[in-house]
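Asker: structure for this input, please:
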Amino acid sequence: MKIGILQTGLAPDELVDDFGEYPAFFERLLDGNGFTFQSWSVVQHVFPDGPEDADGWLITGSKHGAYEDHDWIPPLEQLIRDIVAAERPLIGVCFGHQIIAQALGGKVNKFEGGWVVGQHHYTIGDEVLTFNAWHQDQVIEAPQGAEVVGTSNYCANAALLYPGKAFTVQPHPEYGDDFIQGLIDTRGKGVVPDDLMEAAQTRMGQPLSNQRMARQFATFFREGRLS
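Answerer: As a prediction, the model looks like this:
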């Protein structure tokens, strides 16, 4: 099964040598499932011809806001609608979660409670899972037809299921604590409040549920449902 990865942001230059660009994070996360991958850097205006270019699709995170005025966002939103109409399974993470919701009629905005950084607990289905987060924007209103299947104390719409069509999550199951530390050292300073970054560092080292989400993603790609 070929997974098309739509890259919507660039990793910090200082971290690329150690971690790679964002598509590489998902290739590592989904390794062992027999998938093949191809990436398109839509943030740099590189788009696939259409939904038929892959069997399933994944949209990455980004430093950009879904509501910002970038000329690559409208064609990305149209591509999202085309993928859904073509019934190709679609997964979105962080910005991907947000832009899918926006493209399908939801609302994205900055969270009144501010930034959410580092390890946090999420109730997804009947499980309490732990993932790293790095965001201020959230899906404030879910689109019609989307089911809220994940929440947290800081994010009411943390995971959305569009039955048989898309599954999206706000946190980052592709991030380890090491990359969060890298973001703290690069993009966080002067942007994210120091106390939040310090608190995130104190929570590092606890077990993450990244592989559990990897299994969810793989099941959704293959079967269009959650495991």
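
Asker: list the residues that contact residue 79.
Answerer: Contact analysis of residue 79 by CB atoms under 8 Å, 6 or more residues apart in numbering lists 6, 42, 47-48, 50-51. Quick note: C-beta positions are derived from backbone N, CA and C, even for glycine.

Asker: by neighbours, which of these wins?
Answerer: Among those, residue 6 has the most neighbours (other CB atoms under 10 Å), with 27 neighbours.

Asker: show me where this structure has strands.
Answerer: 2-6, 36-40, 56-59, 90-93, 107-110, 116-124, 127-135, 137-141, 147-152, 155-162, 166-169 (DSSP state E).

Asker: buried stuff in the first one?
Answerer: Under the neighbour-count criterion of 16 or more other CB atoms under 10 Å, strand 2-6 has 3-6 buried.

Asker: who is the most centrally placed residue in the chain paired with across the strands?
Answerer: Nearest to the geometric centre of the chain sits residue 93, at 1.0 Å (CA atoms, centre = their mean). In this entry, residue 93 is beta-bridged to residue 169, by DSSP bridges.

Asker: measure it to residue 193 for me?
Answerer: 24 Å (CB to CB, to the nearest Å).

Asker: over to residue 129?
Answerer: Residue 129 sits 25 Å away from residue 193, going by CB to CB.

Asker: which of these two has more neighbours?
Answerer: residue 129 (23 against 12).

Asker: OK, contacts around the closest residue to that one other than its chain neighbours?
Answerer: Residue nearest to residue 129 in three dimensions, not counting chain neighbours: residue 209, with 3.7 Å by CB to CB, 6 or more residues apart in numbering. Applying CB under 8 Å, 6+ apart to residue 209 gives the contacts 127, 129-131, 173.

Asker: quick one on the thing from earlier: which ones among the contacts of residue 79 map onto helices?
Answerer: Among those, no member is found in helices (DSSP state H).

Asker: and those, which is closest to residue 23?
Answerer: Distance to residue 23 across the contacts of residue 79 (CB to CB) is lowest for residue 6, with 8.9 Å.

Asker: partners of that closest one in the sheet?
Answerer: residue 40, residue 59.

Asker: wait, it touches residue 62, no?
Answerer: No: Residue 6 is beyond contact range of residue 62, at 10.2 Å (criterion: CB atoms under 8 Å).

Asker: who are the contact partners of residue 217?
Answerer: Applying CB under 8 Å, 6+ apart, we find residue 217 in contact with 29-30, 58, 91, 167, 173.

Asker: got JSON lines for the residues you listed, with neighbour count, pLDDT and distance to residue 13 too?
Answerer: Shown next, in JSON lines, are the contacts of residue 217 (neighbours: other CB atoms under 10 Å; pLDDT from 0 to 100; distance: CB to CB, whole Å):
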{"residue": "29", "neighbour count": "21", "pLDDT": "98", "distance to residue 13": "22"}
{"residue": "30", "neighbour count": "21", "pLDDT": "98", "distance to residue 13": "25"}
{"residue": "58", "neighbour count": "27", "pLDDT": "99", "distance to residue 13": "23"}
{"residue": "91", "neighbour count": "25", "pLDDT": "98", "distance to residue 13": "27"}
{"residue": "167", "neighbour count": "28", "pLDDT": "98", "distance to residue 13": "31"}
{"residue": "173", "neighbour count": "22", "pLDDT": "98", "distance to residue 13": "24"}
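
Asker: no further queries at this time; thank you.
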